[in-house]
Each structure stands twice: as C-alpha cells, then as structure tokens.
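Asker: give me the fold of what follows.
(chains A, B, C and D)
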Amino acid sequence: MVMVNLILILLLGGVLAMLSERLGVNVPRRVALAVVLVDLGYLLSELAGMPALTQLQAPMPDDPSTWLMHFQAQWIPAFGISIELALDGISLLMVLLTLVLGAIAVSASWTDVIVKRGFFEANLLWTLAGVLGVFMALDLFLFFLFWEVMLIPMYFMIAIWGHENRGYAAMKFFIFTQASGLLMLVATLVLVAVNHSATGQWSFSYFDLLNTPMAEQTAHWLMLGFFIAFVVKLPAFPFHTWLPDAHTQAPTAGSVILAGILLKTGAYGLIRFAVPLFPEAALNFSFTAMALGAAGVVYGAVLAFAQTDFKRLVAYSSVSHMGFVLLGVYAWNELALQGAVMQMVAHGFSTAALFMIAGSLQERLHTRDMREMGGLWQQMPRMGAVAMFFVVASLGLPGLGNFVAEFLVLLGLFQVNPWMTAVAALGLITGAIYSLILMQRSFQGEISATLSSKLEGHGLADFAGREMVTMMVMMVALIGLGLYPQPVLDMAKPVLQSLLELTSAEMTP
Amino acid sequence: MNSSQMMALMPILMLSLTAVVLMIQASIKRDQGVAWWITGAGFLLALWGAGYAREFAQPVTILLGVDDWGLFFTTLILAASLVTLILSKDTFSPEGERKEEYYLLLVLSVLGAVILIQSSHMASLLLGMELMGVALYGMIAFPEKGELPLEAAIKYLVLSACASAMLLFGFALIYAATGDLSYGGMGAKAAVAYSQEPLVLMAGSAMILAGLGFKLSVVPFHMWTPDVYQGAPTPVTGFLATVSKGAVFVALTRFFIEGQLYQYSSLIVALSAVAVASMLVGNWLALRQENIKRLLAYSSIAHFGYLLIVLIALSIIDNAGGGQLIGEAITFYLAAYILTTLAAFTVVANLAGEDDSKSMLGAFDGLFWRNPLQASALMVALLSFAGIPLTAGFIGKFYLITVSIQSQLWLLLVALVLGSAIAIYYYLRIIFAMSKTSGATIKTGSRAAIGAQDILAILLLLMVLALGSWPQPFIAFAGGL
Amino acid sequence: MEGLNIPLNHILLVSSLLFSIGMLGLMIRRNIIFILMSLEVMLNAAALAFVAAGAHWGQPDGQIIFMLILSIAAAEVAVGLGLVLQVQRRFKTLDMDSANRMRG
Amino acid sequence: MAEMVWLVPLIPLLSSVMLMLCSANLPRLLIGLLGVGSVGAAALLTLSIGMDFLADPEPFQLTLWTWMQVSNFSPGIAFYFDGLTLVMMSVITGVGFLIHLFSTEFMEEDASYARYFAYLNMFVAAMLILVMADNLLLLYLGWEGVGVCSYLLVGFWYQNSANGQAARKAFVVTRIGDTAMALGLLLLFTELGTLDIQSMMAVANQQWQVGDTVPLIACLLLLGGAVGKSAQLPLHTWLPDAMAGPTPVSALIHAATMVTAGVYLIARTHDLFLLAPISMMVVALVGLATSLMAAFTALMQSDIKRILAYSTISQIGYMFLALGVGAWAAGIFHLMTHAFFKALLFLGSGAIIHYLHHEHDIFKMGGLRTKMPVTFWSFMIGSAALAALPMTSGFFSKDQILLQAYMMPGAGPWLWLGGLLGALLTAIYSFRLVFVVFFGEAKTEPDGDTGWRMAVPLVMLCGLAMIGGYFIIPVADVFPAVSGEHPAHWVEYVSISVPLIGLLLAYLIFHSRQINMDTLVNSSVGQLLRRFWFGGWGIDWLYDRVFVRPYYLLSGLMKNEPIDAIYGLIVAVNQTFNHWLAEAQTGQMRWYILSMVFGLIVLLTLALQIPLEAL
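Answerer: Numbering: from 1, shown residues only, chains lettered A, B, ... in the order given. Here you go, the predicted model:
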C-alpha cells in the first residue's frame, strides 16, 4: 500500500496546490515543495524499516514475493488486469531520483513570474505522480495507462507556460509519444493474446507474460513495438526531433522534469520490458539498437555544437547522453547495464542543473540566444563557476557521475563490439567540443554588443542563496556519484543480475 | 399478442402514450413548459418501461424481437434523448416560437429509434427508420429565422430519402432472392438463394449496406454530415449523432448477425474498404477544421469507421466462439461513444447555442480560465474521443484493438493506429486553444452561478471518467447481454 | 395467376432501370421540385420490385410493403414540400445550387 | 611515513576548494600564502617520505577505498609509491612550489588572483594523483583532471575570446589523445582482467609473448594518449597556442609537469611496450621526428614564448626517443633536468614580459644584459643546460640518451645521428634567443628588474639546472637494466662537441653578424622554407582544413535537423489530404448525391466481384 499512497499524496497534493492559489500567489509553490518533501520523507521512512539495501537478494523477475515491495489489487478481472505495483532496486532508484528532481524543479521555478501559479504547481505534481506510476507499475495495462497519463500534465505545462512557439512544441511532444505509445498498446495486446492462446487465461501481469512462448517472427514485431515506444521517449537517434523543441519551449521546471525524469522512463522501459519480455528478439536486434545509440551519441553532439540557443544545445546534449544509455542497455552485460543505470541518474542531475542555469539566464536576460550573451562570468562569477562545474560534468570529467557511467557503458560495450565502442568514444571528443563551446559563447569571451546596450550600467543579479543551495545539492550528488558510486551500483546489482540470468536462460535454447 | 408480449413492448407503448398526451395538451392550451414536462415524464416512464420489459424479453410477432441487448440500447437512447430534451429547453426559447411541435417530433423520433433497435423484420426496420428520419427533418428545420437549419434540413431530407430508396431496393432484391422478409428467414434461405442467383442477393445486400451506410455517415456517403451537424440546432445535432446513428448501427448489427450476411467474403471486403476509408478520411477532414460542430461531425465519421471493424471481425471470430467478445465490444464502444458525444454537445450547446460564429475555434480561446467547468468537461470528452487512458474512449479503443488482434485484421489495425495518431492533433488543437492564456481576460475566483447546464456537464464528465477508470461493473453487465 | 407470368428477372431489370432513371434525375435536376419528383420515382421503383418479388413467391408481403412505401413516400413529400415553401420564401429561388452556404 | 602519502595530493586540493569557495572575501596576501603554502607543504611531505623511501627502497601500495565494484571490474582509489613516483612527485612539488612563488609577483595586479591560485593548486593535485595512481583508471582521472585545469588556466584571461579559442583547442586535441588512451584501457581490461598497473604487467608477461598483436595495439593506443598529452606529432599543434595563458602556467604545465605525463605513462607501463618492440620503434621515431620538426620551427619563431614552446616539444621528443630505445632511466633523468632548465627559461621569459609591459617579440627586445642582470644570468644558465653544454645538467641527461640510442642494435646509429642534428639545432636556437634578447642595442626600456619573489625561484632553478646532472634518480629497481656494450669514445667526443659548434654558429650569425644569412633567407627558396617552418611545417594549417572547417560545415549544415524534414514531410502529406478532402465538401447537394451514387457503385462492384468470378 505504500506505493499507492506515494502516488495519492502527489495527486491530492496537486489538487491542494491548485486550490491554495486563492490564499495567495506564493502559497502554491510552498505547498508543492512541502508535498514532494513529505512524499520523499514517507518513502524514506518506509525504506528505513526494510532490510538494508545492500543485501537486497536478487528479485526473481517472475516471482513477486522476492521484490522490495509488491502490491496487487483486482481492477478488471475480465481481462486479468490488476493494479500491480512493485518496487525493486532499479525502480526504487528511479523513484528516489524523481522525487529529488521534483523538489529541485519546484525550487527552480521559485521566483519565476508564472500566470495561474496554482494550476502550474498542480500539473507539476501530477506529472510526478504519473512518472512514479510508470516506475512502479508492473501490470502492462497499468503501465500503459500511467505512460499516457503522465503526458497530459506535461503537455499542459509546455502548452500554457512555455515560451514563444509553445503550441507547436507541446503538440509535437504529445503526438510523438502518444503515437508511439499506441504501438506499444498494440504490441501489449498481441502479447496478451498470444499468452492467452498459450496458457488459456487473460493476464496483463508482468510475471505471467515474462516467458510466453511465441514464434520468432511475432517476437520480433512485438519487441519492435515496445522498442519504438521507449526509443521515442528515450530519445534515440531518428525519433528525437521532438526533444529540442519541447525542451526549449518548456518552462524551467518543465524542462528540468522533462530532461531529468521523463527521458528516464524510456530507458527504464527498455530495461524492464523491451528486453526481458523478448530475449532472443532483443539479442539479434541488439546490433541495430546499438548502432542507433552510437549514431545518436555522435549526431546529438554534432548538432549540439551548431546551436545558438542555450537550451537547445543542452537538449541535444541529452540526446547524445541518452545514446550511451541505449548502447548500455543493448550491450546487455552487467557492466554496460550498470553504466546505463548510472547514466540515467547522473544525467538527471547534470542536465537538470544546466536547464536551471538556462532558466535563470532567461529570467535575467530575457533571451536564450547565445549570440546575445558572452562574458557573463564578469557579471556573475558564481553562476559562471557553477555552470563551469556542470559543463565539465556533462563532458564526462572523471571524478564526477557522468564519467563513471560512460566508462562502464564503454567497458561493457567493448566486450560485445569493439568497433562500436570506437564510434561511441567519438562521443567523448564531440561531447567536449559542444560543452566547451557552450561555456565560451555564454560565459566567456567579450560581452556582446546587444547585451551591453540592454544592460547599460545596472549589473545582473548573481546566484542568490536559494539557487546556490539547490546547485550545491546537485554538485555534491554528482561528486558523490563520481567518487563513490557503490551505493547506487549495489541498489541496481541484484535486479540486473536476475534480469541477466533470466535472459541468458532464454537465449540458450 | 398475448399480455406478456404487450408487456415486452412497454417502452414503445409509453412513448406513444406521451405523443398522444402531447397532442391533446397542444390542442387544449399551447404551453411550452407543460409540454416540456410531459415529454420528460414520458421519457422517464419509457425508461421505467424498458426496465420493466426485461422479464418479458421475447420476439413479439415477426416484426420486433425484444431482448436484453435491445433493451439496453433502448435505455441508452432514452437517456440520450433526455439529455437532448434538457439541452433544448432554453436553446431557441428567445425566439418565442411555438415549441410544442418540437417536443412532439422529438418523442416520435425516439419512438422510431426504439422500434428500429428492436426490429427483426424488414417492415419494422423501414417503419422505424422513416419515422425517426422524417421527425428529424422537422426538428432540424425547426428554428424559423435561421437559413442554415433550412439548408441542412433540405439536404438531409433529399439525401436520406435517396438512401432509403437504396435500402428499399436492396431489400426488394433480397426479398426477390430469398422470399422472406424477416432477418431470421432471410438468413436461413440465404445459402440456398446464393447458389441460385448470387448476383441478386449480393446486389441487394450491397444496396442495404449503402442505405444504412448513409445513416452511419461512413465514407462514400459521409458528405452530408458536416453540413447537417453545423446547420441543425445543437441539441438536435446531439440527438442525431447519438440516437439516430446508435439505433441504425444496432439495426445493422442485428441484420448482419441474423441475416448471416457475414459469410460472404465479398461483402466483408466491401465493408473493410468502407471502414478503412472512413477511418482515414474522417480524420483527415477534421485536421484543420475551425468549426467545432463540423469537427465533431468528421470525428463521428472516423469513429463509425472504427466501429465497423467489430462487424468485420464478427465473420472471423463468431465461428471461433468469440461472439461474446464482439457483443461486449459493440455495447461498450457505442455506450462510450454516445456518452462522450453527449458530453461534447452539452458543452457546445451551453457555449455556442445557435450562433454559428460562436462555434468557431476562436470562441473557445482561454475557455479554461473563463469557464473552467465546461472547459474541463469538453477536455475530458475530447480526450475520450482521442482514446487517452482513464476515459471511456480508451477502454473502447482497447476493445477494438483486442478484437482486431483476435481476428488478425492487420490492415484495419494499421488504419486504426494511423487514424488515431492523426486524430490526436485536432483534438489537442481545441484543448490548446482552450488553454491559451494570452489575450483572454483571466479572472480567477469569479465563479459563475452553477446552472442546470453545469450540473449536466459535470454528470457526463464523471460518467465518462468513471466508465474509463472503473469499467469492470459495466463489462460484467454488458457481458450478460 | 398463370396468365401474365413474366419472369421475375425482367421485372427486376425494369425496376432497376426505373431506379437508375430516378437517380439520374436526382443528379441532374437543380430545381427542388423535380428533385422530389425523382425521389418519388426511385421509391416507386423499389415498390415495383417488391410487388414483383411478392408475386413471384406468391406471398402478400410484397404488396403490404408496397402500401408501406407509398405512405412513407407521401410523408416525405409532405415534409419536403413544406420545406420547399420555406426555401422559396427564404432563398427566393428553387434552385438547390444556391443553398451552399456551408462548405469546407 | 608512507601511509601519509595520500596527504600530498589532498593538501593542494583542499586549498584549491577553499580558494574557490571563499575567493571573494580573502585578502590578497592570505590567498598567496594559502596557494604557495599548500604546494610547499606537499613538497616538504614528499621530501620526508622520499627520505624514508631512500632509506629502505621498498615500493608500497595504499588503497583508500574501492572506487566502484561491478562484476569483475573493481578499481580502487589506490596509490602506488616507488622510485619513479618519488622522482615525479619531487619534480612536481619542487618546481611547482617555485613557480607558485614566482606567480605571486607575476599575477600581482591581476583581478581574479584567487581563481588563478585555485586552478593552479587543483592542477598540482591532479598531476600528483596522476603520478601516484596505482591503477590506470585513477591515472586516467588525474590525466583528465590535468587536461581540464590546463584548459582553465590557458583560458584564464577569458575576456579575450582568442584565449578561449586556444584553451578549447588545447583541451580538444588532448581529448582526442585521451579517447585513444581510454580505448587502450578498455582493451587492456578486456584482455587482462585488471587495470592495476603492477598486476596488469605481471599478467601481461605471462599471457602474451613478445611480438603479439594485442599488446601492440594496446601500446599504440596508450601511445596515442601520451602523444596527445605530451604534444608530440601528430597531436602537438595545441602547445604553441597554449602560450596564451599566463607565463608561470606555461612554465608549470607546458614545460615541467603536464607535458611529461605522456613520458611517465610509457615509462610506468614499460613492460607492455617491451612486449611489443614495434611500438618501441614507433615511439622512438615519433620522438625523433617531433624533435627535429620542432627544432626547425623554433629556429624561425619570433615570439619568445613560442620559441620555448617548440623547444619543449623538441626536448620531449628526446625523451620519447630515450623510451623508444629502451633507455627508461635516461628518459626520466632528462625529464627531471628538462623540468629544471625549461621552467627556468619560462620564468625568465615571464620576468622579461612582465617588466617589458607584455612585449613578446624578441626582435623588439635587446641589450637587456645590463638592465636585467638576474634574468640575464638565469637565461644564460638555462640556455646552456638546454643546449647541453658540458657540465650542465642537460649535458648529462641528453648524452646518456644519445649514447644509449647509439647502442641500440639495428637503427641505433641513425637515431643517434638524428639526435645529434637536433642537439645542434637546439644549441643554435637557444643561443639565438639569448644573443638577440640580451646583446645588441636596447630597443625597449624595462621598468626595473625582478623583485625578490621572482628572483629567488630563478636563482634556485639556476642552481638546480647546473648541478641537476649529478642527481641519481632512484629508479634502478623500477626499470630493467640497459644491455649493450659501451660504444667507442669518439661517439662521446662528437656528442660533446656538437653543442659547442652550435653555440659558435649562433654567435657568428646573431651576435657578431660575420656570417650573413640574408642572401640565403631572402632567396625565393629561403622565403618559402622560412614561411613553411614558421607555420610549424604547415601541420596546423592542414588540420584546420581537414578537420576543423569540415566539422563547422557539417554541424552548420545539420543545424536545423535534417531528420525533422522527414516528419515535416509526413505532416505535409496529411495537410494535402486534408486540403483535397476539404475542397470536396463543396456544399452543393448535387455533388453529395454524386458521391453517394459513386459510393453505391463501388459497393456494388466490390460485392458482386466474387459471384461474377464464380459464374
């Protein structure tokens, strides 16, 4: 029941935030922050009762009792659909990341002037609730339901509080994910039908569907259906065009959540559903998937270099970083998978921070165009230093989280396909190029003419106490992940090992 | 016609009684309020009648076959007409015309629809269809002032008369081939007739499909829908979209099942072509449509394209024992579609009323901030049309996909996925327009008084959400039909 | 009634010809009155087919349906002409092409 | 004392963090104290640990914590201390301390004083981690950390975007090398199962025979990393541009420490290179080619710092040559002595620039002999050591390298000859610099000579440059002994006399102008050659055309998302369908009837299709 409460707190919190707008314009943001922190506290207190995380025994994917938490309630017995939520190493990691980044997102838009503040905070909380649902749902129907439902509040956040052409961006975001979601729905239903014909009973539960015997051809198509839905969300190379628009147009809090958490639902889906459900199909599809990942890494980096819009550059960097995750998942050995999970966590923090910096820049300069920035370090040394830290983190400086992730992915990938690793390693070089150009165009070099004319005299406010605290939290997190990632690795280890055993058992017929 | 058969016809009796009482009242003293109350009471009595007739479910003469399935749809139709009644209470009252005739036409049209649902013989089908149709012409053309309603009525009259002619000619051909006019009889003799003159039988069933296809506004016969939806007064459009189309679809299903038309693969090919065409064309037409009513017309074309999949799946699944799933799918999808359409038209009626310029997309800008209640009702309706989870439409789409997978109709499945992918765009366009914050004066906290329409909107919104998020009881009920 | 035993198909052929003539009239004619007339022609063609089928199978059903069709056609024409009056007053013309305000 | 070794990198790191956090409100003196003091403390600590180590030379390993543990990959944050580490640490902390002291005066008037020392301290800490790392991953951490610090320091005066450009160029070119090295790491782990250097080398010796292909590939990849970081061919183009940073930075990073990281890497993993003789030959050839190329280019430069930069590249070429021929100890020895005299030369040039109000062109300087005596004498001693005149430290280390190069069987003599040519050129350009800057008539007036904080480091370094040759670096047990018999004495005499000849030539050409080079220089061939050599053999120009411009073009081309065009196409298709169909809704009733009839005909044909076939 813990998990249902987690989601309910956020949903009701959203309603509360919306209503609290009547009390005062600043009340909703405090309510929202309080709700997220309460949720986090509630989860941590529940976890404290659990056995220490490190000796998590390997949760057998097809036996519910071994999971950290498991909850099942009948919903539509006619089709064997039940509200089934479960928590294991990876999903706990993702839930914690969601709640932490949620709190950060709320604090990120603390001082933004936002119309209809209550409704904004409500949407933010509902998106978080949807994402929590995605990470915890184990019933495919429920998973699909949360997958779609989390889009609606996110769509509103971009459509109502976005920047100049938010309509186009919000529409593109929604249609991309929704259309690919339809493919997943069809694939799920075919899978259930095949399972029905094999076992004679309707069931949407992850445990029953895990090892459904099916023809090799159908397995390929079903895997493709799931793959496309998750890869659009990831986003991987050919399906990523919605990301730059959505990120640039979304409000600060929106892009923090979008980059920090929503991209991870795609990756989580791949690890949880796309590969374990169809092991052989995933195996012989893995080369194409890795090729897409590698292409995404290089393509994202090259395009990031060309951008003049600050947020758009950071968005393309996410495409490049998520390419690593795809590589890690489809290399499918423990090293690469751990790397992928680490990348999901580390990328969450580094991109969220960069988007917050972009947001505060936009707030101060009323523009995201780097051609109008330049030499800001003089005006705002603290923001410059923080930006330098996160830019260096995003290019993968060892000692910070992103490096550990990327190195593990490359290490795992090398054992599978050395040439692919060489191509992916290009991402390190191009990654350095676009990260440094970001610093150069915005914080270094001469102050641009337009900016100096716009400022004429009164300086720019440097980072205030609140912003510094949020940034400090993320810097400490990244350094911690970089120097001592073991707790995160241990949390994901049992799950990954059990998934590997499961799929290896399948793959050797 | 023993007494139990009379009991079975209770809803029809009640409606006829209401019609008579209305006419008498009109002759005594023309008073709109009283007429409104009589019609309301009549519908409630009919609803009670439908419930009452459940124990006596049996074929009544060869013309009508009263069964649980039919009675369920009768209650659905009556509920829809109740909503139409509530909506039409104040739509064109300002013009102060004589409104009694309108209510009379409404009751007669509903009577036609009920007969149509329970028909099991060509004659009763014809009677029900024409009674409903002709009453509709009157309702569409009712507001004297407007030129649009008149144009819509004329178009609808001519086109549906032509469709009825096609239908009749089809039946004539089938009658010539099989020699029997009741569906059951036709079904039995169809195999024999097919061996002798297959041409006549096939031509006849094709023409019947054409005639019914017109009423369901599937693609080749869809051209009238946008003009009639836009021209007619909004409650009447709502009535047309839900009652008339719903009843005709039920009749088509009955005819299809009992007349065993699904065995002939050529018919199935024809039907699939029509289904695919209407799924795609309906959505494409709606892509850049500015007028809400026309947009809802096009979306109804697409939705009946989706519904045809279930009919086509019948032929493959029925002999494989999946008939029960088909029944459930049709019941659920139609219920969901009718509920969502009613919700949508309630909001359109409340906001746009009869002023055509008000039903343009521009009028809906920033509606969320001006009138959040109606806006959220419309939003939920649109999401249900688009098939987003937690709404009835999603469960409907879920059924459709399950049915088409069971019967391996991959082409139709692809068309369904493509259609709903395209559909998201124009449903979202309205939601986006409603959520615009620029320009519209946003005043928070000024709650307009909760009027009758708001209650109706909330009720429908809750039903759409309830059906979507907790469908289990309804599925169990539908399963039993 | 062995006297006039014309084979059913011939009559069906005649009625379908009649039906297509009616349809043709519907398509070509612009004046609303003639449109209603061609509608009548189509309905009667169907009625004829019914009567022929009834005769062929020796059942009275065909003629009963014929009676039904007559009444329905009458009802439609009645309402149709009522509307025609309105059209005449409102659009000042009987030419149906003028009634195309709603498009797109 | 050995367990205290992890304190050595920690102190500068802590001070750097301190300086970053509260840079705003610290008085300038305290910042200086903190910056210099931390490196000084590290130096003292190294000294004491060194003394203990020399007492009983027993290499020890210290693991702080396992960095990460995934299946069989478990690198630790672990330090390894042996003779080689001691040498490197003492060079880094010793020379580092002197350079920190020097920069307190050099950066006196600079606004962001604290930021400068924060970066410098972080650099020293990263370099220390690099040399003390027990496993290659921690070494890679130090490696990248050093790269980032060099980026920050070269681009220190960020107001001028040219410096930013130079800093980015430095980072990206070294990053290319780092990627190659990372791939090398991946290969080594996959093949040998561990990244701990000592155990890795042991496993490698068992698993591989000499001349296998896998060690060759691994060594070449590691060489790629070394070449990038030590600015050797082909990844050397970034070093001359990196002179954009403050001069003490160039002294510390681009002379003494960072550029030697590549040499240290190859020296540390020498067993692997021994397993792949071809890679040793490649190292030697790269070293030789780079030293000659750089020497010729240095001859033509006019900017004082670029001359020293190219001379650094050429001297590191020598070290690579030493490593290539297997003279590991000689290579490291030359590394140490080079750190002394090159730091001396850079600091000297820093002093000149500082007091000649930022004048870089040597032909605008002149006759500083009398006005800046301390700088003059430090330059004299530095250039003498650089040119390897007898009795200077440079002489001892360079001769060892040339001797052992000669002794190498096979191509030995040829390498020796190349080395000699390099030595000759080195002598010429180093003394060209001295004669042009310090002799001849004065062109610009320096405003004063170095203060004490500049003078002390210069004097200390002069001492080291002179007596450096007599140090014995305790690497006897780290590297295998050098075989081969001592060559004939004439080889030694030749290698002694060559620098003297170079000095004489430089004197004649640049000071007393006896030999007039003008006719040769102004001839068409001379001009072409001059421009060719001045531009660094056109390599930089080549890279710009082959890599940089196409990359800009490619990304510019793809700026607005070619993939989006596909989705745009899909949207367009739907729009056109919508357009056609909307046109079809003409509102004309007759048109509707037509469509109904058409629909009927279609249905009839479809329905009658099968019965017709059946007939």
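
Asker: pretty sure residue D:337 contacts residue D:469?
Answerer: Yes. In this structure, residue D:337 is within contact of residue D:469 by Cβ atoms under 8 Å, at 6.6 Å. For the C-beta atoms, the positions are set from N, CA and C on the backbone; glycine is no exception.

Asker: pull up the overlap in contacts between these two.
Answerer: D:393, D:394, D:396, D:397 (Cβ atoms under 8 Å, 6 or more residues apart in numbering or on different chains).

Asker: could you pull out the strands for the stretch 301-450 of chain B?
Answerer: Assigned by DSSP state E, counting those that start in this stretch, the stretch 301-450 of chain B shows no strands.

Asker: what sits against the one residue in it that gets nearest to chain D?
Answerer: Closest residue of the stretch 301-450 of chain B to chain D, Cβ to the nearest Cβ: residue B:422 (6.2 Å). Going by Cβ under 8 Å, 6+ apart, residue B:422 touches B:280, B:283, B:284, B:287, D:574.

Asker: coming back round to it: closest one of the shared contacts of residue D:337 and residue D:469 to chain B?
Answerer: Scanning these for proximity to chain B, where the rule is Cβ to the nearest Cβ, the winner is residue D:397, at 72.8 Å.

Asker: could you measure from the closest one over to residue A:19?
Answerer: 79 Å (Cβ to Cβ, to the nearest Å).

Asker: more neighbours: which of those two?
Answerer: residue D:397 (29 against 14; other Cβ atoms under 10 Å in any protein chain shown).

Asker: my read: residue A:178 touches residue A:149, true?
Answerer: No. Counting by Cβ under 8 Å, residue A:149 is not a contact partner of residue A:178; they are 11.3 Å apart.

Asker: common neighbours of these two, please.
Answerer: Residues touching both residue A:178 and residue A:149 by Cβ under 8 Å, 6+ apart: residue B:388.

Asker: out of those two, which sits in the busier spot?
Answerer: Taking neighbours as other Cβ under 10 Å, residue A:178 and residue A:149 compare with residue A:178 leading, 24 against 20.

Asker: any idea how far residue A:160 is from that one?
Answerer: 18 Å.

Asker: contacting residues around stretch D:556-576?
Answerer: When contacts are defined by Cβ under 8 Å, 6+ apart, stretch D:556-576 is touched by residues A:237-238, A:240-241, A:244, A:299, A:302-303, A:306-307, B:284, B:287-288, B:422.

Asker: show me where chain D has strands.
Answerer: D:60-66, D:76-81 (DSSP state E).

Asker: determine the set of other helices and strands touching the shortest one.
Answerer: I take that to be strand D:76-81. strand D:60-66, helix D:113-132, helix D:136-154 (3 or more Cβ pairs under 8 Å, 6 or more residues apart in numbering or on different chains; DSSP states H and E).

Asker: any part of the shortest one near chain A?
Answerer: Yes. Judged by Cβ under 8 Å from any Cβ of the partner chain, strand D:60-66 comes into contact with chain A at D:65, D:66.

Asker: relative to helix D:113-132, how tilted is that strand?
Answerer: Here strand D:60-66 runs at an angle of 120 degrees relative to helix D:113-132 (axes from the mean of the first three to the mean of the last three Cα atoms, to 10 degrees).

Asker: and strand D:60-66, what does it pack onto?
Answerer: By 3+ Cβ pairs under 8 Å, 6+ apart, strand D:60-66 packs against strand D:76-81.

Asker: angle of the strand it packs on against strand D:60-66?
Answerer: Using the same axes, to 10 degrees: strand D:76-81 against strand D:60-66 is 170 degrees.

Asker: chain center to strand D:76-81: distance?
Answerer: 23 Å (Cα atoms, centre = their mean, to the nearest Å).

Asker: what does it contact?
Answerer: With Cβ under 8 Å, 6+ apart, strand D:76-81 has contacts from A:483, D:2, D:5-6, D:49, D:53, D:59-67, D:132-135, D:138, D:196-198.

Asker: model confidence at the residue in the stretch 151-300 of chain D that chain B sits nearest to, what's the number?
Answerer: Residue nearest to chain B within the stretch 151-300 of chain D (Cβ to the nearest Cβ): residue D:161, separated by 38.4 Å. You'll see residue D:161 listed with a pLDDT of 86.

Asker: equivalent analysis for the one 4 residues further on, please.
Answerer: With respect to pLDDT, residue D:165 has a value of 91.

Asker: next one: residue D:496
Answerer: pLDDT, residue D:496: 86.

Asker: again, but for residue D:291
Answerer: The model's pLDDT for residue D:291 equals 92.

Asker: pLDDT weak spots in the stretch 201-350 of chain B?
Answerer: B:318-323 (pLDDT under 70).

Asker: for chain C, what are the nearby residues on it?
Answerer: So the stretch 201-350 of chain B meets chain C at B:226, B:227, B:230, B:231, B:289, B:294 (Cβ under 8 Å from any Cβ).

Asker: again with the stretch 51-200 of chain B
Answerer: Near chain C, when you scan the stretch 51-200 of chain B using Cβ under 8 Å from any Cβ, you find B:122-123, B:126-127, B:130, B:134, B:137-138, B:141, B:144, B:147-148, B:150-155, B:157-158, B:161-162, B:164-165, B:168-169, B:171-173, B:175-176, B:179, B:181, B:197, B:200.

Asker: again, only this time at 6 Å
Answerer: B:130, B:134, B:137, B:141, B:147, B:150-151, B:153-154, B:157-158, B:161, B:165, B:168-169, B:172, B:175-176, B:179, B:181 (Cβ under 6 Å from any Cβ of the partner chain).

Asker: and chain C, which residues reach chain B?
Answerer: So chain C meets chain B at C:8, C:12, C:19, C:35, C:39, C:42-43, C:46, C:49-50, C:53, C:57, C:61, C:72, C:75-76, C:79-80, C:83, C:86, C:90, C:99, C:102 (Cβ under 6 Å from any Cβ).

Asker: filter the residues you listed by proximity to chain D?
Answerer: Among these, the residues lying close to chain D (Cβ under 6 Å from any Cβ) are residue C:102.

Asker: of the residues of chain C next to chain B, buried ones?
Answerer: C:8, C:12, C:19, C:35, C:39, C:42-43, C:46, C:49-50, C:53, C:57, C:61, C:72, C:75-76, C:79-80, C:83, C:86, C:99, C:102 (16 or more other Cβ atoms under 10 Å in any protein chain shown).

Asker: identify, from the residues of the stretch 201-350 of chain B next to chain C, the entry nearest to residue A:324.
Answerer: residue B:289 (43.9 Å; Cβ to Cβ).

Asker: now do the contacts for that closest one.
Answerer: Each residue near residue B:289 by Cβ atoms under 6 Å, 6 or more residues apart in numbering or on different chains is listed here: residue B:295.

Asker: burial of residue B:413, as a residue count?
Answerer: Around residue B:413 there are 20 residues (other Cβ under 10 Å).

Asker: ok, residue D:160 next?
Answerer: Other residues close to residue D:160 by other Cβ under 10 Å number 14.

Asker: buried stuff in the lengthiest helix in chain C?
Answerer: In chain C, ranked by residue count with DSSP state H as the criterion, the top helix is helix C:61-91. Residues C:61-62, C:65-66, C:68-69, C:72-73, C:75-77, C:79-80, C:83-84, C:86-87, C:91 are the ones in helix C:61-91 that count as buried (16+ other Cβ under 10 Å).

Asker: up against chain B, what does the stretch 451-600 of chain D have?
Answerer: Within the stretch 451-600 of chain D, the residues that sit near chain B (Cβ under 6 Å from any Cβ) are D:577, D:578, D:581, D:589, D:592, D:595, D:596, D:599, D:600.

Asker: out of these, which comes closest to chain B?
Answerer: Chain B has its nearest neighbour among these in residue D:599, at 2.3 Å by Cβ to the nearest Cβ.

Asker: show me the shaky parts of the stretch 1-150 of chain B.
Answerer: B:90-98.
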